[in-house]
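Peer 1: With the sequence up front, the predicted model follows.
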Amino acid sequence: MVQVTDLDTFSALLTPEGQALLAELRDHDPADELATATRLRRDHPAPLVSAALGQARLRQRAAAKFGADAGRMYFTPHGVEQSTRTTVAAHRAARFAALGVRTLADLCCGIGGDALALARAGIRVLAVDCDPLACAAARANAEALGLAELIEVRQAEVTEVDTAGYDAVFVDPARRGGARGGRIFDPEAYSPPLSWAVEAARTAPFAALKVAPGVPHEALPEDAGTEWISDGGEVKEAVLWFGTEPGARRATLLPAGDSLRGAGLPDAEAGPVGRYLYEPDGAVIRAHLVADVAADVDGRLLDPTIAYITADALRPTPYATAYELTDVLPFHVKRLKALLRERGVGVAVIKKRGSAVEPEELRKKLKLAGGGASVTIFLTRVAGAPTMLLGHPVGGA
């Protein structure tokens, strides 16, 4: 598939001819791309057709992040991969708005995903990026969504932008690089480096700095609060917040918006397996707030090194999924296989934490037929011993 890689081709998409092509490709089936390209090239320049097809494919991929807006927006391949999904960006914009922020410098804006959410929250945004194609897409997106009056897009090196006078700064450094665009785990290898971004954040009354959710806690600045965000159960990012709650650790779960602020509790103790097992949300685990959830449900850990909580009574919490356990057994494949066959289990959800066993390898050995009863199997350790726990989500969730 041909992607838009230059400004001239991108600009052609914004002409009446380009717009007509994009409109025609709104419900395009990628499986018919060759036939569609052949047909369209009879009446349109081949480069424009290829660019429009590429943009149609990017819009379809972006729908998971941007919903219905994706059909009107413009993307680059990197922009689809690296941009913030709408639910997360809207949450962050709402936090800024609640702080009274009215003007903000968005550094490393990419295609403008965060800038759009900020503008929708009533914040006037200076969106800066060094990539001319990303800037072109950001301008086009602001126009397409009717937010151009609130978003100024500037192509520049973010390290050279004066953010004085803005209520807040938001920095989203590039965390991919290399020949294959792989993830960068060293914060100082971000572009720009984390140390520069932290100093830039400190220049404004309020600031947010987006980092990878796996950022080492020892790398977190003492004057920043850190929020780990999950969306639909999947951890998406961590954000350093300046000017709000220094040193705080918070886990926020979208789309509901429940947010748990750490109370500085010591690590939870381990104890015997109870009737219920709680699987904390990934944001809770990343934020090191498992002890807070354990205290909330009057629970204990299965093992001192494993983030599974067990309790004797059910106490619903938004920060963990609860399961009612039926069996606690030493790990043994043949015994498990016989037990599932005896109970007519045809469907198994297999989870692991602290186990060397791979769920898919175990699934092959179990040879489940599908259909019939279902079960959730936890492969883990209890007091250091390999253990398998069987159960069901509370409420059938």
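Peer 2: Good, I have the coordinates. Because the structure is predicted, anything quoted here is derived from the model rather than measured.
Peer 1: what stretches of the protein score poorly on pLDDT?
Peer 2: By pLDDT under 70, the low-scoring segments of the chain are 1-5, 175-185, 396-397.
Peer 1: how about the helices of it, start to end?
Peer 2: Using DSSP state H, the helices found in the chain span residues 7-13, 16-24, 33-40, 46-66, 77-82, 86-98, 113-120, 132-144, 194-201, 282-286, 290-296, 333-342, 359-366.
Peer 1: Adding mean neighbour count and distance to A251, write the ones you listed out as CSV.
Peer 2: C-beta coordinates here come from the backbone N, C-alpha and C atoms, glycine included. What follows is the helices of the chain, written out as CSV (neighbours: other Cβ atoms under 10 Å; distance: least, Cβ to Cβ, whole Å):
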stretch, mean neighbour count, distance to A251
helix 7-13, 16, 39
helix 16-24, 15, 40
helix 33-40, 14, 42
helix 46-66, 20, 21
helix 77-82, 18, 23
helix 86-98, 20, 13
helix 113-120, 27, 21
helix 132-144, 21, 30
helix 194-201, 20, 21
helix 282-286, 23, 4
helix 290-296, 21, 9
helix 333-342, 14, 33
helix 359-366, 13, 25
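Peer 1: so which of the ones you listed comes closest to L389?
Peer 2: helix 333-342 (11.0 Å; Cβ to Cβ).
Peer 1: Show me what that closest one is packed against.
Peer 2: With contacts defined as 3 or more Cβ pairs under 8 Å, 6 or more residues apart in numbering; DSSP states H and E, helix 333-342 has these neighbours: strand 320-330, helix 359-366.
Peer 1: export it as CSV, just CAs?
Peer 2: Taking Å, rounded to 0.1, in the frame of the first residue of the first chain, the C-alpha atoms of helix 333-342 are listed here in CSV:
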residue,chain,number,x,y,z
VAL,A,333,-1.5,-31.0,33.4
LYS,A,334,-3.0,-34.6,33.4
ARG,A,335,-5.0,-33.9,36.6
LEU,A,336,-6.3,-30.6,35.1
LYS,A,337,-7.2,-32.3,31.8
ALA,A,338,-9.1,-35.0,33.6
LEU,A,339,-10.9,-32.6,35.9
LEU,A,340,-12.1,-30.4,32.9
ARG,A,341,-13.3,-33.5,31.0
GLU,A,342,-15.2,-34.7,34.1
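Peer 1: between it and strand 320-330, how many degrees?
Peer 2: Per axes from the mean of the first three to the mean of the last three Cα atoms, to 10 degrees, the angle that helix 333-342 makes with strand 320-330 is 110 degrees.
Peer 1: Need the contact partners of helix 333-342.
Peer 2: For helix 333-342, contacts defined as Cβ atoms under 8 Å, 6 or more residues apart in numbering pick out D327, L329, A348, L362, K365, L366, K367, L368, V375, I377, M388, L390.
Peer 1: Please repeat the previous calculation with a cut-off of 6 Å.
Peer 2: Residues outside helix 333-342 that contact it (Cβ atoms under 6 Å, 6 or more residues apart in numbering): K365, L366.
Peer 1: so how far is V161 from the residue lying closest to V158 once chain neighbours are set aside?
Peer 2: Counting by Cβ to Cβ, 6 or more residues apart in numbering, L107 is the residue found nearest to V158 once chain neighbours are left out, at 4.1 Å. With the distance defined as Cβ to Cβ, to the nearest Å, L107 ends up 7 Å from V161.
Peer 1: intersection of neighbour lists for those two?
Peer 2: In contact with both L107 and V161: V128, using Cβ under 6 Å, 6+ apart.
Peer 1: okay if I get the helices of the chain as CSV plus distance to P266?
Peer 2: Conversion of the helices of the chain to CSV gives the following (distance: least, Cβ to Cβ, whole Å):
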stretch, distance to P266
helix 7-13, 55
helix 16-24, 57
helix 33-40, 58
helix 46-66, 38
helix 77-82, 38
helix 86-98, 29
helix 113-120, 36
helix 132-144, 45
helix 194-201, 29
helix 282-286, 16
helix 290-296, 7
helix 333-342, 35
helix 359-366, 32
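Peer 1: who has more neighbours, L107 and V161?
Peer 2: L107 (26 against 16; other Cβ atoms under 10 Å).
Peer 1: so that one touches A156, yeah?
Peer 2: No - using Cβ atoms under 6 Å, L107 is not in contact with A156; the gap is 9.5 Å.
Peer 1: which residues do those two both contact?
Peer 2: Common neighbours of L107 and A156, using Cβ under 6 Å, 6+ apart, are V128.
Peer 1: circling back: between the helices of the chain, which one is nearest to E269?
Peer 2: When these are compared (using Cβ to Cβ), the closest one is helix 290-296, at 8.6 Å.
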